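Asks: test case, fold it:
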Amino acid sequence: MIFVAGITALQAGVNHFGIKLTAKLTDFSGFLILGTAALLTVTSLVSASSLDLSRLWTFGNYPGTEGASAVWPVAVGGGMAFLLGLLLPIYTITGYDASAHTSEETRNAAVSVPKGMVSSVIWSGLAGWVMLSAFILMLPDMDEAAKQGWNVFFWGMDAQVDPTLKLVLYIAIFVSQWLCGLATVTSASRMLFAFSRDGGVPAASKALATVSPSYRTPVTAIWTSSILSVLFVWLTSAITIAGTPAYSIVVSCTVIFLFLSFALPIALGLVTIGGPKWPTMGPWDIGVTTYKLLAVIAILAMGLMFYIGVQPPNDWALEITLGFIGVALVIWVVFENRRFQGPPIGEEIAKRKAAIAAAERAVGEAV
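Replies: Residues are numbered from 1 along each chain as shown. Next up, the predicted model:
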């Protein structure tokens, strides 16, 4: 927990001291992640004892494998094993939402943001598949690999890769992961800021909606979201049963909440698009019919993600998720339903633009 808190505090500090520094590091992370993934892919292929390509289309059911920390401790059928395997790409592909959360700090956001989101999904999907395929080909033995569970990556690297090259890869991977965490802090803090600015946070909305005139960042929102994330990890560690990794449950809860946050506005759009509240789309127009079709698919996919995310040994994720939803509903029914007026529309948008322009002039920036 000390390590988690220290890492998060460092990421929050970088966010605190300016979007320019954060943007530069984020830009750098793109090249670093690409280079690291490419190096890991090439290393895996070169270090493999033999390239048995049949592994890529041969299916083996490994959940329940005996070992110190089996790949999935509960034995399930092949179909369910495939669904559980989706947790990996589902979680790692969530980085595309970072583009949306920083949209207010992006030039030509109506085009740049969706372009960045679509591009990240396409390229991360393709590159991720190639990299994972290369690592599977490098493993000395699939049966032994399954027995390693969480340790399979380090076991494979120890068995096949030169120690010096392995150290270089570990350092590059660690820095890449740290920069991914930096992007997560950026996304979470900007979302908290935006909700607070529109009065969507029950308490301390005014403080959370402030922007530092010196650093031009939502400092209070940055540190609040960072502290809450560390507290969530600590609470999860405290309440989960012995033998179940808290990390695994945190990941499952994160997947559920992330995609629920995507699915809710999509579902609302399903009944709103084409009406007075949403008569037309923006520059990225896929058409009303196509939107409705994709919206239904997205809602069904959310149900599937929830199901696989709460399977044993991550079944504590069900209680945690339902608990948070229950608390949110109580807060909404008892307090927020009367107070919250919704996001600004009409004249309120004009007032908000005027307030933003005044704030920009106050710190000497032309509007």
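Asks: ok, I90 - contacts?
Replies: Taking Cβ atoms under 8 Å, 6 or more residues apart in numbering, we find I90 in contact with V255, F259, M305. Glycine gets a C-beta too; all of them are placed from N, C-alpha and C.
Asks: and M305, by the same measure?
Replies: Per Cβ under 8 Å, 6+ apart, neighbours of M305: L86, I90, V255, I256, F259.
Asks: give me the lowest-pLDDT entry from those.
Replies: Checking pLDDT across the contacts of M305, the minimum falls on I90 at 80.
Asks: so which bits of the helix or strand hosting it are buried?
Replies: I90 belongs to helix 87-92 when elements are defined using DSSP states H and E. By neighbour count on 16 or more other Cβ atoms under 10 Å, the buried set for helix 87-92 is L87, I90, Y91.
Asks: again, but for stretch 169-179
Replies: By 16+ other Cβ under 10 Å, the buried positions in stretch 169-179 come out as L169, A172, I173, S176, L179.
Asks: what do you get for stretch 17-28?
Replies: I19, T22, L25, T26.
Asks: which of those residues lies closest to S120?
Replies: Closest approach between the buried residues of stretch 17-28 and S120, by Cβ to Cβ: T26, at 12.0 Å.
Asks: what sits against A209?
Replies: By Cβ under 8 Å, 6+ apart, A209 lies in contact with F193, S196, R197, P218, A221.
Asks: and it, backbone torsions?
Replies: phi -90, psi 10 (degrees, to the nearest 10).
Asks: do W278 as well
Replies: Main-chain torsions, W278, degrees, to the nearest 10: phi -150, psi 70.
Asks: partner residues bridging it?
Replies: I273 (DSSP bridges).
Asks: out of the buried residues of stretch 17-28, which sit inside helices?
Replies: Those of these mapping onto helices are I19, T22, L25, T26, per DSSP state H.
Asks: farthest pair in those residues?
Replies: Pairwise distances among those were taken by Cβ to Cβ; the largest, 10.6 Å, belongs to I19 and L25.
Asks: any residues in contact with both of the two?
Replies: Residues touching both I19 and L25 (Cβ under 8 Å, 6+ apart): there are none.
Asks: how far off centre is the helix holding I90?
Replies: Helix 87-92 has its C-alpha centroid displaced from the chain centroid by 9 Å (Cα atoms, centre = their mean, to the nearest Å).
Asks: do stretch 264-281 as well
Replies: The answer for stretch 264-281 is 25 Å, by Cα atoms, centre = their mean.
Asks: same check on stretch 121-130?
Replies: For stretch 121-130, the distance to the chain centre is 16 Å (Cα atoms, centre = their mean).
Asks: A203 belongs to a strand?
Replies: No. Under DSSP: H, G, I helix; E, B strand; the rest coil, A203 sits outside any strand and is assigned coil.
Asks: okay, it: pLDDT?
Replies: The model reports A203 with a pLDDT of 72.
Asks: how about it, phi and psi?
Replies: According to degrees, to the nearest 10, A203 has phi -130, psi 150.
Asks: any idea how far R339 is from it?
Replies: Here A203 is placed at a distance of 11 Å from R339 (Cβ to Cβ, to the nearest Å).
Asks: burial measure for the closest residue to I299 other than its chain neighbours, as a count.
Replies: Nearest non-adjacent residue to I299, counting by Cβ to Cβ, 6 or more residues apart in numbering: A267, 5.5 Å away. Neighbours of A267 under the rule other Cβ atoms under 10 Å: 15.
Asks: please apply the same query to Y215.
Replies: 16.
Asks: tell me the contacts of the nearest residue to it once chain neighbours are set aside?
Replies: In space, and not counting its chain neighbours, Y215 is closest to G18: 5.1 Å by Cβ to Cβ, 6+ apart. Contacts for G18 (Cβ under 8 Å, 6+ apart) come out as Y215, R216, T217.
Asks: can you pull the pLDDT of G18?
Replies: G18 carries a pLDDT value of 76.
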